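Q: Sequence plus the predicted model coming up.
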Amino acid sequence: MDKIRVLLVDDEADFRRPIAKRLARRDFEVHEAGSGEDALDYLASLSVDVVVLDVKMPGLNGIDTMARIKEQFEGIEVILLTGHSSTEDGVEGIKRGAFDYLTKPIALEHLAGKITQAADKLHREIEKQREANFRAKMEQQMIATERLASLGTLSTGIAHEIDNPLAIIKEASGYLRLVLGKDEMAGIPRRQELFNAVDKIESAVDRTRRITHQLLGFVRKQEQSFMETDLKALVDETVEFLGKQARQNDIEISVQAGAQGGIWSNPYEIRQVLVNLLTNAIHATPPGGCITVRTEDLDEGISLSVADTGSGIPKENLEKVFEPFYTTKAPGEGTGLGLYVSRGIIGRLGGKIRIDSRLGYGTKVLIELPRCQVFEDEIKDNENICYEILNKIKGEPES
Ligand SMILES: Nc1ncnc2c1ncn2[C@@H]1O[C@H](COP(=O)(O)OP(=O)(O)O)[C@@H](O)[C@H]1O
Ligand SMILES: [Mg+2]
């Protein structure tokens, strides 16, 4: 433990010096001041645990000095030294907040004991405060997590509800388009405008569906099938699937498949994550840039990373990107759900996801997955997957 820091304040140097020396020999860190005013100056720049204050001093006396110390500083205990015939001073001092008082002449043993007790009390209080702060922080975190959980449940509910009417709108607008396209309609007024209106309806439906499908993909039950998953094949297939979009933007995607073994996992969900990450990388990367997808064997699992030479993410946004509906993209382009959903999926598969990014240089999303999925039964039994995923996240906070 650190040395206890003591400030010894007494106007009589002949009394003060020898005590300071003897305390120092007992392993206290001792500082000295010759008056109450000096003591206050000292404390402004020095941190001290215990102040030992003579009560009778010219200028500021001990009791008044203590009052100022209590006013101006936190976390300091005061022990008063009173003359042998003035115990009332000591009693008054305790009323005003002194830890204790000793009457002169003092036994060094006694003083050292009191200083240690005062420092112990101080440390207990600091510990208590630290605990209270920690609890307050945890509570805040739990409130935030709960909010996310209920938001997740709520939004998947809404997504379910709007998916059906959306299908009807889409079908009806398709029918409109079909009818408008018929020869018998060739002469109707404002035909082209009607076509444009149908286009608008359809693209709005598509945009809304992208959102609902992202959300529903998060909880869809039929996707909970686990099988031997060949990560390399999955990566190749996804890269192939998104290759056209990348080529159109003059972005090269390279695959470095280092992992040999397969994993027992849910390929549909891993693919959904891969699509999300690759889409983000393509969006962030300027023409001429490149994206690298890499897999590697780990001791207990497998790692999968998607790195790009794109815009990067500002440090202060690194946690925000996992929040639902957080997006920096134009309304038609982003839903702000990709990373939220991906983190949920990876958490549920027993893995971890994190992002390293440098603004202006690029971003790397790193995933670690266990070789074998252990939560399968738990998930089958669990109706409310959103909660389950969020509880997992809660149990394994991201570093
Ligand atoms: N590879 C990346 N490079 C730069 N920014 C990224 C990258 N991936 C994600 N982001 C940031 O995180 C935000 C959230 O991503 P995501 O959850 O996938 O939603 P969306 O892509 O729909 O915006 C993005 O809008 C973007 O600002
Ligand atoms: Mg995205």
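A: Done, it's in. Ligands and ions are numbered 1, 2, ... in the order given.

Q: Can you pull the residues of this protein lying near ligand 2?
A: Applying Cβ under 5 Å from the ion, we find that the chain lies next to ligand 2 at Asn280, Gly338. Any C-beta I mention is one placed from the backbone N, CA and C, and that applies to glycine too.

Q: Can you name the residue of the stretch 101-250 of the chain nearest ligand 2?
A: In the stretch 101-250 of the chain, the residue that lies nearest ligand 2 is Gln214 (8.8 Å; Cβ to the ion).

Q: ok, that residue - contacts?
A: Thr335, Leu337, Gly338, Val341 (Cβ atoms under 8 Å, 6 or more residues apart in numbering).

Q: which residues sit in contact with the first one?
A: Which is Thr335. Each residue near Thr335 by Cβ under 8 Å, 6+ apart is listed here: Arg210, Ile211, Gln214, Phe325, Thr327.

Q: thinking again about what came up before, in a markdown table, list the contacts of Gln214 along with distance to ligand 1 and pLDDT.
A: Putting the contacts of Gln214 into a markdown table (distance: Cβ to the nearest ligand atom, whole Å; pLDDT from 0 to 100) gives the following:
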| residue | distance to ligand 1 | pLDDT |
| --- | --- | --- |
| Thr335 | 4 | 79 |
| Leu337 | 6 | 83 |
| Gly338 | 2 | 87 |
| Val341 | 8 | 83 |
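
Q: from those residues, which single one is nearest ligand 2?
A: Nearest member of these to ligand 2, counting by Cβ to the ion, is Gly338, at 2.8 Å.

Q: returning to what we had before: by neighbours, which of the contacts of Thr335 wins?
A: Neighbour tally across those (other Cβ atoms under 10 Å): the maximum, 20 neighbours, falls on Gln214.

Q: how about the helix or strand hosting that one, does it reach ligand 1?
A: According to DSSP states H and E, Gln214 maps onto helix 191-219. No - using Cβ under 6 Å from any ligand atom, helix 191-219 stays clear of ligand 1, coming no nearer than 8.2 Å.

Q: The stretch 151-300 of the chain: strands as residue ranges?
A: Using DSSP state E, counting those that start in this stretch, the strands of the stretch 151-300 of the chain run over 227-229, 252-257, 263-265, 290-297.

Q: Might you enumerate the residues of this structure proximal to ligand 1?
A: Neighbours of ligand 1 within the chain, by Cβ under 6 Å from any ligand atom: 276, 280-281, 284, 308, 310-311, 313, 321, 326-329, 334-340, 363.

Q: what's the neighbour count on Ile162?
A: Residues lying near Ile162 (other Cβ under 10 Å) number 16.

Q: what mean pLDDT does stretch 177-191 have?
A: Mean per-residue pLDDT for stretch 177-191: 94.

Q: do stretch 359-368 as well
A: Here the average pLDDT along stretch 359-368 is 97.

Q: Which residues does that stretch contact?
A: Contacts for stretch 359-368 (Cβ under 8 Å, 6+ apart): 273, 277, 280-281, 284-285, 298, 301-315, 346, 351-357.
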